[in-house]
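Asker: sequence and predicted structure below; questions after.
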Amino acid sequence: MTAPSADRAWHGPSLGRWGPLLAAFSALLAAGCAVFSHGAYWVESRRAGTRAVAAEAPLSPPVRANLVAAAARRWADEGLAESARRMNGFAGRCVYADAVRTVAWFYVERVSYRDLVVAGLESLRAALEAPEFRARFEAARDEERRARFAEALDILLLKARAADPWFAFQAGEWLAVAMEKNRALLGLPDGAVVAEFLFGAMDRLDPYTCFLTAEMQRAYEEQESGRYTGIGAVVEVHGGRAFLVRVFEGGPAAEAGLAAGDEILRINDDPVADLDPTEIARRLRGDPSTGSGSPRAESRGESGSRVTLSVLTPGAEEPRTVTLVRRSIVLPAVRDVQVLDPERGVGYLALVDLRDGAEGEVRQAIRKLQKEGIQALILDLRDNPGGLLLSAVGVCGAFLDGGEVVRTRGRTLGATWTYNVPWLARPAWRGPLAVLVNEGTASAAEVVASALERRGRARLVGETTFGKGAAQIRLPLDWGRCAVSVTIARVFDIEGEALDGRGVAPAVRVPAADEPPALLRDDPAVRAALEALWAPARDADAP
């Protein structure tokens, strides 16, 4: 989950004659951030375990294999490679020093600059073994030169494990040495070395702390606001084939008659089979880094720009061609509001995200269902990945009469806190309540499920949740467009139990269905929730 985004606003004494020098330094820092304007590499979600940084010992084969796989995912993104080729080495050092300083100050646990340097070196060393990395940079394909550089990195690693830098600029010196060795022995762009030092160090702290390029920042902000420019559909790629899995009502795709299950064969005359998933997403959104070679407005992600798709509908013999006009779309946090059981008056609403405004949407959906005479309610949090911690607290206020919701613990000012239902909040729903959860219920959504269950307000039905009990804030790097999303606190329920790695276990356990049912009422978890609403005192496992 993310705590509210905060810019740093600390001020020191007057700089006097040093002001112009600081301004020049800041300009170089901004230049370093600007060149990292592309890239869509996101850390894969996974259960948090112990920190993997081990400065005292060489990497084990499984850890090295994981680093190689991470580099392969990272460099499958051509946008990141383009940024790396443009990176200025000195500006990169400035960005790196600011990033590691931010982590050392704010991370939930104490982390040394040595650990961060070692993690960056290990990540760069592992990247040399990834075919995707070698494919992006011609210099990395020379086996002999690559071997010499790898040997030099091994020596640097031995020295770094014995070092003890106290300041961020000292950590930056290790990056400078790695770049010098690269220039002499291999010839990668400076930005490739900087990127591995940045992403490698962040990835090794926990699954959620990460460096954010400008493009990643934009995606982060869109997730928080629910607003983006595009065609109004969710696309998944399986085996080189792209399918629409959700089409949003009122969006360009829906207005063109597209529906879930349709397969996209071509995007602007380019076969989908020739594109990786990141490139497919970019071309649908119209990002300028798509590499399509067109500088026209039609290729940019602007409201009013166009994209032409060749689409095959299931059962159709021939594909059809549609031209969609991209526009700004607001994705609702609450979807599928309905009276599920008219006879017993059971309402249903699915909360799919906890972004800004989620509480208001929940309250509005409840008012709509109350007008239709519901007597009980099912809140579906399945596959809700979370969002903002304060949004989770607000949603709890729609069901709770005041009191505690969640606790956080960290080592920086304000990171240790107890969150209560806001004073002026009044419950929108006081009747019987069942909450659906599964392994995809994560982060802030787990806070909602835990609070409602621990306070005796709802019965949980489904599967044990994901188990992400870490809160992050996004901290912009000085004068730049890039940022660090850093874990500042661990999350605990109202009884002091950690959510991280444990999750929330439902009272009524229902395994996920092998195939999605045609009707919502045929869903085993929904059926079990309907029964649980009328048998609140009985704990049972559904067959």
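Answerer: Done, it's in. All figures in this text were calculated on a predicted structure; none of them were measured in a lab.
Asker: would you mark the buried spots in whichever helix in the chain runs longest?
Answerer: Ranked by residue count under DSSP state H, the longest helix found in the chain is helix 143-162. Neighbour counts over helix 143-162 (16 or more other C-beta atoms under 10 Å) mark 146, 149-150, 152-153, 156-157, 160-161 as buried. No exception for glycine: its C-beta is placed from N, CA and C like everyone else's.
Asker: how about stretch 372-381?
Answerer: 374, 376-381.
Asker: related to what we said a few turns ago, can I get the buried residues of helix 143-162 in a markdown table including distance to S328 and pLDDT?
Answerer: Formatted as a markdown table, the buried residues of helix 143-162 follow (distance: C-beta to C-beta, whole Å; pLDDT from 0 to 100):
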| residue | distance to S328 | pLDDT |
| --- | --- | --- |
| R146 | 46 | 95 |
| F149 | 46 | 96 |
| A150 | 47 | 95 |
| A152 | 50 | 96 |
| L153 | 46 | 96 |
| L156 | 48 | 95 |
| L157 | 48 | 94 |
| A160 | 47 | 94 |
| R161 | 50 | 93 |
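Asker: packing partners of whichever helix or strand comes after the longest helix of the chain?
Answerer: Next along the chain after helix 143-162, taking DSSP states H and E as the criterion, comes helix 168-185. Helices and strands touching helix 168-185, by 3 or more C-beta pairs under 8 Å, 6 or more residues apart in numbering; DSSP states H and E, are helix 89-106, helix 113-127, helix 143-162, helix 190-203.
Asker: ok so, going back, reformat the buried residues of stretch 372-381 as JSON lines; add distance to S391.
Answerer: Output for the buried residues of stretch 372-381, formatted as JSON lines (distance: C-beta to C-beta, whole Å):
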{"residue": "I374", "distance to S391": "24"}
{"residue": "A376", "distance to S391": "24"}
{"residue": "L377", "distance to S391": "19"}
{"residue": "I378", "distance to S391": "20"}
{"residue": "L379", "distance to S391": "14"}
{"residue": "D380", "distance to S391": "17"}
{"residue": "L381", "distance to S391": "13"}
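Asker: which stretches in the stretch 351-500 of the chain count as strands?
Answerer: 376-380, 404-409, 417-420, 433-437, 459-462, 470-476, 483-492 (DSSP state E, counting those that start in this stretch).
Asker: show me what the second one pairs with in its sheet, parallel or antiparallel.
Answerer: Yep, that's strand 404-409 we're talking about. strand 417-420 (antiparallel), strand 483-492 (antiparallel) (DSSP bridges).
Asker: so which of the ones you listed is nearest V63?
Answerer: For V63, the closest of these is strand 483-492, at 20.3 Å, according to C-beta to C-beta.
Asker: which residues does the residue nearest to G89 when sequence neighbours are not counted contact?
Answerer: Nearest residue to G89, sequence neighbours excluded (C-beta to C-beta, 6 or more residues apart in numbering): D190, at 3.7 Å. Going by C-beta atoms under 8 Å, 6 or more residues apart in numbering, D190 touches 87-89, 92, 179, 182-183.
Asker: considering these, which possesses the most neighbours?
Answerer: Neighbour counts for the contacts of D190 (other C-beta atoms under 10 Å) peak at G92, which has 30 neighbours.
Asker: any idea how far A178 is from it?
Answerer: Per C-beta to C-beta, to the nearest Å, G92 is found 11 Å from A178.
Asker: common neighbours of those two, please.
Answerer: Shared contacts of G92 and A178 (C-beta under 8 Å, 6+ apart): V193.
Asker: and G187, how many residues sit next to it?
Answerer: 14.
Asker: also the one 10 residues further on?
Answerer: F197 is surrounded by 30 other residues when neighbours are defined as other C-beta under 10 Å.
Asker: my read: it touches L175, true?
Answerer: Yes: the criterion here is C-beta atoms under 8 Å, and F197 meets it with L175 at 5.1 Å.
Asker: so which of the contacts of D190 comes closest to T209?
Answerer: T209 lies nearest to G92 out of those, by C-beta to C-beta, at 19.5 Å.
Asker: returning to what we had before: most packed of the strands paired with strand 404-409?
Answerer: Stretch with highest mean neighbour count among those: strand 483-492 (a mean of 23; mean count of other C-beta atoms under 10 Å).
Asker: now do it and helix 89-106, the angle between them.
Answerer: 20 degrees (axes from the mean of the first three to the mean of the last three C-alpha atoms, to 10 degrees).
Asker: ramachandran angles for the closest residue in space to G191 that isn't next to it in sequence?
Answerer: Nearest non-adjacent residue to G191, counting by C-beta to C-beta, 6+ apart: M87, 2.7 Å away. The phi/psi pair for M87 (degrees, to the nearest 10) reads phi -70, psi 130.
Asker: how close does M87 get to T213?
Answerer: Using C-beta to C-beta, one gets 11 Å for the distance from M87 to T213.
Asker: for A518, same thing?
Answerer: Relative to T213, A518 is positioned 42 Å away (C-beta to C-beta).
Asker: the more surrounded of these two?
Answerer: A direct count of neighbours by other C-beta under 10 Å for A518 and T213 places T213 higher, at 26 against 8.
Asker: could the helices and strands packed on helix 168-185 be laid out in TSV, adding distance to R409?
Answerer: Shown next, in TSV, are the helices and strands packed on helix 168-185 (distance: least, C-beta to C-beta, whole Å):
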stretch	distance to R409
helix 89-106	14
helix 113-127	21
helix 143-162	30
helix 190-203	21
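Asker: out of the ones you listed, nearest to L530?
Answerer: helix 190-203 (43.0 Å).
Asker: for the closest one, the distance to its chain's centre please.
Answerer: Centre-to-centre, helix 190-203 and its host chain are 18 Å apart (C-alpha atoms, centre = their mean, to the nearest Å).
Asker: mind listing the helices for the stretch 201-350 of the chain?
Answerer: 214-225, 252-255, 277-285 (DSSP state H, counting those that start in this stretch).
Asker: what's the closest of those helices to A528?
Answerer: Nearest of the helices of the stretch 201-350 of the chain to A528, taken as C-beta to C-beta: helix 214-225 at 30.8 Å.
Asker: now do L349 against L212, distance only.
Answerer: According to C-beta to C-beta, L349 stands 32 Å off from L212.
Asker: those two: which is more packed in?
Answerer: Set L349 next to L212 and count neighbours by other C-beta under 10 Å: L212 wins out with 25 against 22.
Asker: residues in contact with the more buried one?
Answerer: Shown in contact with L212 (C-beta under 8 Å, 6+ apart): 220, 474, 482-485.
Asker: G200 now?
Answerer: Contact analysis of G200 by C-beta under 8 Å, 6+ apart lists 67, 70, 119-124.
Asker: how many other residues sit next to L533?
Answerer: L533 has 22 neighbouring residues, counting by other C-beta under 10 Å.
Asker: show me the shaky parts of the stretch 1-150 of the chain.
Answerer: Applying pLDDT under 70 to the stretch 1-150 of the chain flags the ranges 1-58.
Asker: could you redo the last one with a cut-off of 90?
Answerer: 1-64, 73-74, 76-84, 86-91 (pLDDT under 90).
Asker: could you do the stretch 251-400 of the chain as well?
Answerer: In the stretch 251-400 of the chain, residues with pLDDT under 90: 251, 260-261, 269-270, 272-305, 315-317, 327-332, 335-336, 356.
Asker: from the contacts of G200, which two are the most distant?
Answerer: Across the contacts of G200, no pair lies farther apart than A70 and L121, at 14.5 Å, counting by C-beta to C-beta.
Asker: A152 against M179, yeah?
Answerer: No: A152 is beyond contact range of M179, at 11.7 Å (criterion: C-beta under 8 Å).
Asker: which ones are touching A507?
Answerer: A507 neighbours (C-beta under 8 Å, 6+ apart): 453, 459-461, 532, 539.
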